[in-house]
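Visitor: Have a look at this prediction, sequence included:
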Amino acid sequence: MGLWLGTGTLAGAVIFGGLALARTPEDRSEDPSRIIESLTRPQQKTDRLPAGALPALGGAGIDPSQTRLLGHSATITYYGAPAGEKLAPNAPPGKTICIIPIDANGEGKSVGCTLLKSFESGGLRMESPDRTEAGWLVVPAGAQRSLESVRNEGGWSQQAPNFLVRNSY
C-alpha cells in the first residue's frame, strides 16, 4: 500500500503528506490600518486636514493624503495618520501612528505619535494643555476596557469603535 501525498488548504491549514499544519498568521503589527480601519479606503473630504494644520506636521513624516478623521471633543478635532520610519534623531526606528489635534480655528500646534509595534501597551492619548479635553486611540477590541480604566477621571465617551474623547468642563 502506498502513501498518498497531496497539497491543499482546508480552513486555514495546509495539508501536506497527510498532515495538517497551521499557517503562521500574517504579521500586521506595523500595518496602520489595523488601528485606523478607514485607511483601507480612499481619503474622504472630511478626512483632510485644514490648510492651517499642515505646518504642524513639520518633519513628522506624515503624508497629508493619509490623514483620517477620528473624532472630536468640545473644541478639538482629532485626525489620525501613519508616519514614516523615524520621527526624531533619538527615536527608535519603526513605523508609527499619529494623532493630529486641530483647534476650532483649524490650526494644529502638535502631533503625537507612537510605534505601531508597541501600540497595544496603551494606545495613543493626547490631552489639551489645560487637561480638560483629550483624544485616545486604543486597540480596536479594547475600547470598553480602556473606558473602564479611566472611569474615575470622568467625561470620557466612545466616539468610534476605538476612539475615546474626554470633555471635562
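Guide: Structure's in. What do you need?
Visitor: When you work out contacts or count neighbours from here on, use the C-alpha atoms and nothing else.
Guide: Noted.
Visitor: how close does the residue nearest the centre of the chain sit to I102?
Guide: For the chain, the residue lying nearest the average C-alpha position, counting by Cα atoms, centre = their mean, turns out to be I35 (3.6 Å). The gap separating I35 from I102 is 20 Å, by Cα to Cα, to the nearest Å.
Visitor: G122 too?
Guide: Distance, G122 to I102, by Cα to Cα: 22 Å.
Visitor: okay, the two: which has more neighbours?
Guide: A count of neighbours by other Cα atoms under 10 Å puts I102 above the other of G122 and I102, at 23 against 14.
Visitor: tell me the contacts of that one?
Guide: Each residue near I102 by Cα atoms under 8 Å, 6 or more residues apart in numbering is listed here: A53, I76, T77, Y78, Y79, G108, K109.
Visitor: What of K109?
Guide: Applying Cα under 8 Å, 6+ apart, we find K109 in contact with A53, A56, P101, I102.
Visitor: and these, which of them are in strands?
Guide: Helix and strand membership here follows DSSP state E; of these, those in strands are P101, I102.
Visitor: before we move on, back to that, can you pick the most crowded of the contacts of I102?
Guide: Y78 leads the contacts of I102 on contacts (other Cα under 10 Å) with 26 neighbours.
Visitor: residue contacts, that residue?
Guide: In this structure, Y78 makes contact with L69, L70, G71, H72, I99, I100, P101, I102, G135, judged by Cα under 8 Å, 6+ apart.
Visitor: Sticking with it, tell me its helix or strand.
Guide: Using DSSP states H and E, Y78 sits within strand 77-83.
Visitor: Direction included, what does that strand pair up with?
Guide: Sheet pairing of strand 77-83 (DSSP bridges) gives strand 68-72 (antiparallel), strand 96-102 (antiparallel).
Visitor: Let me know which of those is tucked in deepest.
Guide: Most buried of the strands paired with strand 77-83, by mean neighbour count (mean count of other Cα atoms under 10 Å): strand 96-102, with a mean of 26.
Visitor: after the longest helix seen in the chain comes which helix or strand?
Guide: In the chain, with assignment by DSSP state H, the single longest helix is helix 143-149. For helix 143-149, the succeeding helix or strand toward the C-terminus, using DSSP H and E, is strand 156-160.
Visitor: Now do that following strand, average pLDDT.
Guide: Averaged across strand 156-160, the pLDDT comes to 91.
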